[in-house]
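1. Coordinates only, no sequence provided:
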């Protein structure tokens, strides 16, 4: 009963997804700036198209990474799963790593700021190639059917975050 009450109280919190290309710096060295820029551009285009199809919204891109917002945490987890399988396995791109977190944040203009944004970004940085790290806060907000794909619960200490964050792996 308390879990359901907690979910009802937290509904409406945004979920943030950070996705970046693994090995982009090395690829830039190997391919050159022009080809690397084309690679990043195709990645951003593909992520934008996928996020639109899955009821999420790409907020911004930063070089070889993107930040995506979702109103529904389940949509964010589905986006992470589809990104791993549809974009992260493409031969013309690089593998991806993903961080997903649900929590309070503030919107200023077209951008988002706050602890939830920072945690999602830190989770992406900690993920292994071809892995998505889903926070325990996001896991608590999704239904059991969506959560079936999640594995290996553990806690991570994240730079600049006071308490360890519980995470689930999606690989």
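-> Great, that's in hand. Just so you know, these numbers come straight off a predicted model, no measurement behind them.
2. biggest helix in this structure by residues?
-> Identified as the longest helix of the chain according to DSSP state H is helix 33-53.
3. which other helices and strands contact the next helix or strand after it?
-> Next in sequence after helix 33-53, counting helices and strands by DSSP states H and E, comes strand 57-62. Where contact means 3 or more CB pairs under 8 Å, 6 or more residues apart in numbering; DSSP states H and E, strand 57-62 is packed against helix 33-53, strand 65-70, strand 111-113. For the C-beta atoms, the positions are set from N, CA and C on the backbone; glycine is no exception.
4. thought residue 28 was touching residue 38?
-> No: using CB atoms under 8 Å, residue 28 is not in contact with residue 38, being 11.1 Å away.
5. And these two? Which one has more around it.
-> Shown here are residue 28 and residue 38; by other CB atoms under 10 Å, residue 28 has more neighbours (18 against 13).
6. What are the boundaries of the strands in the protein?
-> Secondary structure of the chain (DSSP state E): strands located at 15-21, 57-62, 65-70, 96-102, 106-108, 111-113, 131-135, 151-156, 165-170.
7. how far does the first one sit from the chain's center?
-> Same thing as strand 15-21. In this view, strand 15-21 has its centroid 3 Å away from the chain centroid, taken as CA atoms, centre = their mean, to the nearest Å.
8. Which neighbouring elements make contact with it?
-> helix 33-53, strand 65-70, helix 73-82, strand 96-102, helix 115-126.
9. Try it again at 6 Å.
-> strand 65-70, helix 73-82, strand 96-102, helix 115-126 (3 or more CB pairs under 6 Å, 6 or more residues apart in numbering; DSSP states H and E).
10. same question, the fifth one
-> The helices and strands touching strand 106-108, judged by 3+ CB pairs under 6 Å, 6+ apart, number zero.
11. do the same with the third one
-> Using 3+ CB pairs under 6 Å, 6+ apart as the contact definition, the elements that strand 65-70 packs against are strand 15-21, helix 33-53, strand 57-62.
12. Starting from the last one, tell me which strands it pairs with and how they run.
-> Looking at strand 57-62 with DSSP bridges, its partner strands are strand 65-70 (antiparallel).
13. Thanks again, I'm all set now.
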